[in-house]
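A.B. asks: Provide a 3D model corresponding to the input given below.
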Amino acid sequence: MWYHMKSKTLEREYDEFETRLQQLRKKNEHIPEEHIRLLMKCLQRLKQELNLPEINNRAHTATGDVSINLLRS
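C.D. replies: Sure thing, here's the model as predicted:
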């Protein structure tokens, strides 16, 4: 009797462990894809932020150069 109860308990614990492991595997398969997607979005934002100040600086220097040239003339 004890052996039967113990074996059933072990089988149940094994099944629970196996289902938990499968759930974790499914969850972990999607994590790298999400991380890659987030990193790509961050990279795009950084590229946009880095490009915008360059355009603004060029506009300021271009107008600044014109105003300096006008003052010098």
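A.B. asks: and Ile68, what pLDDT?
C.D. replies: According to the prediction, Ile68 has pLDDT 44.
A.B. asks: Gln44 too?
C.D. replies: pLDDT at Gln44 comes out at 92.
A.B. asks: and Leu39, by the same measure?
C.D. replies: For Leu39, pLDDT reads 92.
A.B. asks: for Gln22, see how far away it is.
C.D. replies: From Leu39 across to Gln22, the span is 27 Å (CB to CB, to the nearest Å). In this view, the C-beta of every residue, glycine as well, is placed from N, C-alpha and C.
A.B. asks: check Leu10 too.
C.D. replies: Taken as CB to CB, the span from Leu10 to Gln22 is 19 Å.
A.B. asks: kindly report the same for Leu43.
C.D. replies: Distance of Leu43 to Gln22, given as CB to CB: 33 Å.
A.B. asks: ok, now Glu29?
C.D. replies: The value you get for Glu29 to Gln22, if CB to CB is used, is 11 Å.
A.B. asks: could I get the full set of helices for the chain?
C.D. replies: For the chain, applying DSSP state H gives helices covering 2-72.
A.B. asks: distance of Lys47 from Lys41?
C.D. replies: 11 Å.
A.B. asks: what does Tyr14 give?
C.D. replies: 41 Å.
A.B. asks: check Glu33 too.
C.D. replies: Here Glu33 is placed at a distance of 13 Å from Lys41 (CB to CB).
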